[in-house]
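**Q** requesting a structural model of the entry that follows:
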Amino acid sequence: MQRISWPERLVDLKRQIVEATPDYEKRLTECWKDILQELENRTAEIAQAGPDYIPKVKYEDLATLSPEQIDVIRRKGTVVITDVVDDSEAIGWKTALEDFVRANPHVQGFPEEDKQFFMLYWTRSQVQARAHPNVLKASAWLNNLYRKSGKQLEGVDLNVPLVYADRFRIRHPGPGWDRHPPHVDGGSIERWEDESFRKCYADILSGNWRAHDPYELEGRLDARTSLYGRPGQSTVFRTFQGWLAMSQTAPTQGTLRVFPDVVLSNAYSMLRPFFSPTIPLDSADILKPENWVFDISTPDFPGITLGADGFFSGPRPTPQQHPHLRLEETMTSVPKVNPGDMVFWHCDVVHSVEEDHIGTGDSAVMYIGAVPQTPMNIEYVKKQAETFLAGINPPDFVKERPDVTYVGLGVDEDVREPIARVAMGLPIQVA
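**A** Residues are numbered from 1 along each chain as shown. Down below sits the predicted model:
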């Protein structure tokens with residue numbers, strides 16, 4: 001395992017966090033034991049159920065789902081929405097993307113010898129897909145799973161979806177895709193270090209994990225998910241990450257995998273840095289609560305890494321560092337999808353991509369998350385719109401060399417509907 005030289009200030013951070021809770025060692029230890037017991041039960045349930053554990057609903061039924069169905073989606077943090085876009089349109093976007101790559105052989109992507117994940121943001125297919133009214137309406141529905149707690153939040157409208165430009169992949173059959181192990185996007189050490197971000201997990205960090213609501217909106221609005229400016233780190237608030245399928249993809253065919261209980265994974269991951277095992281991590285008894293003790297004497301944050309470049313990354317839970325998640329059994333492949341279906345997962349959900357693709361066709365998806373209108377998101381979208389019109393990479397991503405140009409990018413005229421122009425930060429055209 002890589003040895004990390006942790007900044008000693010993180011010991012002070014741990015102490016600062018726990019000292020906000022009276023009798024913190026006793027309360028957090030009781031909380032930790034309760035989480036471990038709940039995980040023992042829930043992980044067994046998840047491992048047994050497999051892909052059927054993931055909710056799957058039709059786009060046309062979103063407005064009529066029962067409160068019980070919505071509660072299941074909230075708890076599991078993941079949902080497949082079918083028939084968002086017509087199959088033929090989604091397949092056409094994939095064909096056009098393949099044509100774009102052939103016309104621009106210098107595109108950035110990996111693996112270098114057989115590019116399948118592309119650092120492209122403004123192809124016409126991507127622009128058209130993000131601008132599709134059904135895609136935007138699905139995003140608004142997901143945004144509205146969050147709660148405002150009755151407060152008037154200035155500049156926030158969950159009914160107004162915004163666009164966050166991201167990439168796409170067209171993965172070929174084959175083994176060994178190790179680029180996306182279990183991880184959580186949208187903030188690394190910031191989850192503990194940034195005071196606003198930390199408020200999202202206040203109930204967990206004060207020993208009351210069962211009151212934790214991952215859909216409480218207020219704390220997310222000012223959360224700084226990128227304190228250190230790491231390239232590729234999203235600086236917007238996405239309620240859900242997501243992708244749109246451009247091909248048929250099923251379990252074992254290089255699809256998405258998730259840990260489908262966002263409340264429990266949050267509770268465990270946020271408290272894990274405050275507890276240490278009293279026996280070796282590879283011991284057969286490592287799951288027993290009595291073999292863990294409250295410990296804030298060290299600066300390490302399991303799941304977070306500190307690279308040679310000085311940037312924090314993660315969280316990346318592992319079977320060794322986070323044994324109670326039983327990741328090797330509980331990382332659950334989403335069920336079969338067809339072109340035009342979409343998959344969404346809450347911004348805190350632990351997710352990965354299957355390492356092996358043993359199918360016969362491409363696993364092609366376009367990354368499109370759900371982004372609500374908030375003051376911080378509006379500011380980003382304004383800057384992003386400038387990069388779109390200039391045909392350059394969005395603000396959160398590594399800049400291309402000035403001499404790199406592409407043939408066939410999307411243009412302003414490709415975004416026609418008012419809902420899409422608002423989402424893109426473009427002026428509404430008045431007839």
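**Q** what count of nearby residues applies to the closest residue to residue 86 other than its chain neighbours?
**A** Among residues not flanking residue 86 along the chain, residue 340 sits closest, at 5.7 Å (C-beta to C-beta, 6 or more residues apart in numbering). C-beta: built from backbone N, CA, C; applies to glycine. Counted by other C-beta atoms under 10 Å, the residues lying close to residue 340 total 24.
**Q** now do the contacts for residue 340.
**A** 82-87, 89-90, 244-245 (C-beta atoms under 8 Å, 6 or more residues apart in numbering).
**Q** cool, residue 90 as well?
**A** 129, 244-246, 339-340.
**Q** including pLDDT, could those residues go into TSV?
**A** Formatted as TSV, the contacts of residue 90 follow (pLDDT from 0 to 100):
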residue	pLDDT
129	98
244	98
245	98
246	98
339	98
340	98
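**Q** so what's the nearest residue to residue 182 once chain neighbours are set aside up against?
**A** In this structure, residue 182 finds its nearest non-sequential neighbour in residue 352, 4.4 Å apart by C-beta to C-beta, 6+ apart. Residues in contact with residue 352 (C-beta under 8 Å, 6+ apart) are 180-183, 256-258, 331.
**Q** wait, which of the residues you listed is closest to residue 211?
**A** Proximity of these to residue 211 (C-beta to C-beta) peaks at residue 258, which lies at 23.4 Å.
**Q** next, the residue nearest to residue 182: phi, psi?
**A** Torsion angles at residue 352 (phi, psi; degrees, to the nearest 10) stand at phi -160, psi 180.
**Q** in the sheet, who's paired with it?
**A** Beta-bridge partners for residue 352, by DSSP bridges, are residue 257.
**Q** residue 404 and residue 391: what is the separation?
**A** To residue 391, residue 404 is 10 Å away according to C-beta to C-beta, to the nearest Å.
**Q** then residue 5?
**A** 41 Å.
**Q** neighbour count winner among those two?
**A** More neighbours surround residue 391 than the other of residue 5 and residue 391, with 15 against 7 (other C-beta under 10 Å).
**Q** thinking again about what came up before, need the max-distance pair from the contacts of residue 340.
**A** Pairwise distances across the contacts of residue 340 peak at 14.4 Å for 82 and 89 (criterion: C-beta to C-beta).
**Q** what is the neighbour count of the closest residue to residue 254 other than its chain neighbours?
**A** In space, and not counting its chain neighbours, residue 254 is closest to residue 357: 3.3 Å by C-beta to C-beta, 6+ apart. Using other C-beta under 10 Å, residue 357 has 23 neighbouring residues.
**Q** next one, pLDDT for residue 357 please.
**A** The confidence metric pLDDT takes the value 94 at residue 357.
**Q** isn't it right up against residue 170?
**A** No. At 11.4 Å, residue 357 does not count as touching residue 170 under the criterion of C-beta atoms under 8 Å.
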